[in-house]
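K.L.:
sequence and predicted structure, then a few things I'm wondering about:
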Amino acid sequence: MTNVTDQQALWLDLMPFYIREAWLLDERKFKDWLGIFTDDVLYFMPRRKNVPRREADRELTPLGDLAILEEDRRYLEMRVARLDTGMAWAEDPPSRTRHMVGNLEASLLENGEAQARTAFLVYRSHLETDHQLLSGYREDVLRKVDGAWKVARRMIVLDANVLLDKNLSVFL
Amino acid sequence: MASTPKYVVIDPATGKIDRRIFSDPAIYDEEMEKIFGRAWLMIGHESLVPAVDDYFHTYMGEDPIILTRDGQGRLHALLNMCRHRGNRVVRCDDGNAKRFMCAYHGWSYRNDGTLEHVPGETEAYYDALDKPSMGLLEARVETYAGIVFATWAKDAPSLEAYLGDARWYLDTVFNRRDGGMQALGPIKWLEPANWKTMVDNCSDNYHVPTSHLSSASVQARYLGRPRLSHADQFASPNKHAFVNGHSITFRDADDNFPRYVHGVSTETFRLFEEYHVATMPEVERRLGTLRARQVQLGNHSIFPNGILGFRLALPRGPLKTEFWHFVLLDRDAPGELKRAIRIGSQANNGAAGMFEQDDVDNWRQVTESSTSRFARQHPQDLSMGVGHAGPHPDYPGMVSERYISENNQRLFYQRWEQFMNADSWAGIPLDPIQARFEGSATMRG
């Protein structure tokens, strides 16, 4: 193999990581999916506002404002545990999802962590005819734990202002 | 001469309710005029427009509204509709601006609604345009403890009379502290359900142990929150009260225990308890002992479309509702407490909230079953607890004997009939204010 830069090696590490994550979600292996996160993870989805172009810095609500999701590991574990109760009605019968993840850009940080952003299109079909298309991007900070990359911080940004969907009960 | 009212949709003795009110486009259209065109509607919170020239974009029913704070600090609710052709003059969710320019032809308005500039006023209009009469249409605005309400009805009573004795209960959350509250949000999403179903659901404590069992049980396990079983709910000392058109549920608590609001867990309980105890002298001064220590507001809805506090069900046709989820926090609460409530709020309610996400398919299917020509001939049944509610010596309103009852829902649809059958506000009954409002808290905070 020809010389691979550190940057390229990271990309080659992370692209399969994100593909694997997508399969875990689409195959509803949510407990395994929790394994991709560190114990101190922040799983965060800000709101996205209509603001003038010149005030683009206000478009995403900051941490500390009301977010669509602001979860730590315990809250994520609760959401997953809930699905096994047989009474988590938003997901029972479960959604059929397809997570398409790409446009990966990744770089190493000085402290040995990595940052990566990916774009996603997630299709969800539920019950008979309900369906939704969720488009957006994720910005992750990843950390090596026992030699494996884990997500320590995830910000999910949807390309929507008013969500056109009955609820947001799938993971992104 | 008593004419037959147009709408008789519920039989109070049997709780049978005509399903067509959830799906008929003509009835929906009339609701927009007779309910959303008349009632005091929650549209915002003062903390969303804290500074001079701030604005926040909101809705009165389907109508887009710019809530502004003008150069003198006065609030305005302006219809976001250029008086020329009807284009919106604001396309952003919020911001700070002294004037708003229509992007179609450039008419511009001051943030108090005055039409200020019309391109070609002399050359094209020959100075014949009556500018003073062409300001943005403005609704009446009043506030209660920082929550901003607006109405189109010139003959509407004061907001104080509109809220009436419901405020006696609402004060226990919204008027608790000298420093008032601040609003964060909203999370916005479209639910495929009629707006009334999610409003009447505010008094439906019966659904909680079934619809929300999965969330309650994992939160009991992980966070130490209550389990909310049917047995707990049936035995609950808590009550329903229907007060002057508004649906209240409240905890009748003699133990002076902090409310189990969003964010309370085994770990944070001490934080909530310390805050409860530390603020109690102030709260007693503001609300009197009974309300400060014993009465705790639960799920409730302010007629017509306020849901569990300052959250809005904005009608978007008979089969759709845009839901806006805000969280209100005591402005002077410790940061750690605000954080716990904020995180608890998104975890439970909002588009992704564990509780709220399980409601939607119920509401949607209740709405959809009202569209079928066959199914809609068969009424909904809201008969639970008929004959088991009445006046109470200590508490304002029509108080149900139990926490699980459909009394509030029956009365909500009767209130709906009163609005839909009235020709004007003169025909809409209001209860007199009779509750004893102990303490210093007022409408203004």
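P.N.:
All right, it came through fine.
K.L.:
quick one, what contacts residue 52?
P.N.:
All of this refers to chain A. Counting by Cβ atoms under 8 Å, 6 or more residues apart in numbering or on different chains, residue A:52 touches B:92, B:95. To be clear about C-beta, it is placed using only N, CA and C from the backbone, and glycine gets the same treatment.
K.L.:
should've been chain B
P.N.:
B:69, B:70, B:71, B:72, B:73.
K.L.:
distance of it from residue B:73?
P.N.:
6 Å (Cβ to Cβ, to the nearest Å).
K.L.:
on that earlier part again, got a winner among the contacts of residue B:52 for most neighbours?
P.N.:
Across the contacts of residue B:52, neighbour numbers were computed from other Cβ atoms under 10 Å in any protein chain shown; residue B:69 holds the maximum, 22 neighbours.
K.L.:
where do the strands of chain A begin and end?
P.N.:
A:37-45, A:69-71, A:96-108, A:114-126, A:130-145, A:148-158 (DSSP state E).
K.L.:
just these: most buried one?
P.N.:
strand A:69-71 (a mean of 23; mean count of other Cβ atoms under 10 Å in any protein chain shown).
K.L.:
contact partners of it?
P.N.:
So strand A:69-71 is contacted by A:42-45, A:63, A:79, A:156, A:168, B:342-343, B:346-347, B:352 (Cβ under 8 Å, 6+ apart).
K.L.:
do the same with stretch B:93-111
P.N.:
The set of residues external to stretch B:93-111 that reach it, using Cβ under 8 Å, 6+ apart, is A:49-52, A:55, A:161, B:48-49, B:51, B:53-57, B:66, B:68-71, B:76, B:78, B:82-85, B:87-91, B:115-119, B:135-136.
K.L.:
next one: that stretch to chain centre, how far?
P.N.:
Relative to its chain's centre, stretch B:93-111 lies at 28 Å (Cα atoms, centre = their mean, to the nearest Å).
K.L.:
and what of stretch B:110-117?
P.N.:
29 Å.
K.L.:
go on, stretch A:36-56?
P.N.:
11 Å.
K.L.:
and the end-to-end length of it?
P.N.:
Taking Cα to Cα, to the nearest Å, stretch A:36-56 runs 32 Å from one end to the other.
K.L.:
before we move on, what about stretch B:12-23?
P.N.:
End-to-end distance for stretch B:12-23: 21 Å, by Cα to Cα.
K.L.:
do the same with stretch B:420-437
P.N.:
End-to-end distance (Cα to Cα), stretch B:420-437: 31 Å.
K.L.:
average pLDDT for it, rounded please.
P.N.:
Stretch B:420-437 shows a mean pLDDT of 97.
K.L.:
with stretch A:105-125 instead?
P.N.:
Stretch A:105-125 comes out at a mean pLDDT of 97.
K.L.:
who's in contact with it?
P.N.:
Stretch A:105-125 has contacts (Cβ under 8 Å, 6+ apart) with A:6-7, A:10-11, A:14, A:18, A:95-104, A:130-144, A:149, A:152, A:165, A:170, A:172.
K.L.:
mind running it again at 7 Å?
P.N.:
With contact meaning Cβ atoms under 7 Å, 6 or more residues apart in numbering or on different chains, stretch A:105-125 is reached by A:6-7, A:10-11, A:14, A:18, A:95-104, A:131-144, A:149, A:170, A:172.
K.L.:
same check on stretch B:70-85?
P.N.:
B:43, B:52-53, B:63-69, B:88-90, B:102, B:104-105, B:107, B:111-113, B:115, B:134, B:136-139, B:141, B:148, B:150.
K.L.:
so of those residues, which ones are in strands?
P.N.:
Mapping the contacts of stretch B:70-85 onto strands (DSSP E) picks out B:43, B:63-69, B:115, B:138-139, B:141, B:148, B:150.
K.L.:
by neighbours, which of these wins?
P.N.:
residue B:68 (31 neighbours).
K.L.:
low-scoring stretches of the stretch 301-445 of chain B, by residue?
P.N.:
Of all residues in the stretch 301-445 of chain B, none has pLDDT under 70.
K.L.:
quick one: contacts for the residue nearest to the spatial centre of chain B?
P.N.:
With distances taken as Cα atoms, centre = their mean, residue B:306 lies nearest the centre of chain B, 1.4 Å away. Contacts for residue B:306 (Cβ under 7 Å, 6+ apart) come out as B:42, B:312.
K.L.:
go again using 10 Å as the cut-off
P.N.:
Residues counted as contacts of residue B:306 (Cβ atoms under 10 Å, 6 or more residues apart in numbering or on different chains) are B:40-42, B:147, B:149, B:170, B:199, B:202, B:246-247, B:300, B:312-313.
K.L.:
among the residues you listed, the buried ones, what's the ChimeraX command?
P.N.:
Command for ChimeraX that selects the buried part of the contacts of residue B:306, burial taken from 16 or more other Cβ atoms under 10 Å in any protein chain shown:
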select /B:40,41,42,147,149,170,199,202,246,247,300,312,313
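K.L.:
closest to residue B:434 among the contacts of residue B:306?
P.N.:
Lowest distance from residue B:434 to the contacts of residue B:306 (Cβ to Cβ) belongs to residue B:246, with 14.7 Å.
K.L.:
what about the longest helix in the chain?
P.N.:
You didn't say which chain, so I picked chain A. As assigned by DSSP state H, the longest helix anywhere in chain A is helix A:6-26.
K.L.:
oops, I was thinking of chain B
P.N.:
helix B:269-289.
K.L.:
that one packs against which elements?
P.N.:
Packing partners of helix B:269-289 (3 or more Cβ pairs under 10 Å, 6 or more residues apart in numbering or on different chains; DSSP states H and E): helix B:166-174, helix B:335-348.
K.L.:
what's the angle between that helix and helix B:335-348?
P.N.:
Angle of helix B:269-289 versus helix B:335-348, following axes from the mean of the first three to the mean of the last three Cα atoms, to 10 degrees, is 100 degrees.
K.L.:
now do helix B:269-289: distance to the chain's middle.
P.N.:
For helix B:269-289 - counting by Cα atoms, centre = their mean - the centre lies 25 Å from the chain centre.
K.L.:
can you give me the helices in chain B?
P.N.:
Under DSSP H, chain B gives helices at B:25-34, B:159-163, B:166-174, B:195-200, B:208-211, B:213-223, B:230-235, B:269-289, B:335-348, B:360-368, B:407-421.
K.L.:
can you lay out these as TSV showing distance to residue B:16?
P.N.:
Compiled in TSV, the helices of chain B are given as follows (distance: least, Cβ to Cβ, whole Å):
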stretch	distance to residue B:16
helix B:25-34	17
helix B:159-163	29
helix B:166-174	27
helix B:195-200	15
helix B:208-211	22
helix B:213-223	28
helix B:230-235	24
helix B:269-289	39
helix B:335-348	33
helix B:360-368	15
helix B:407-421	10
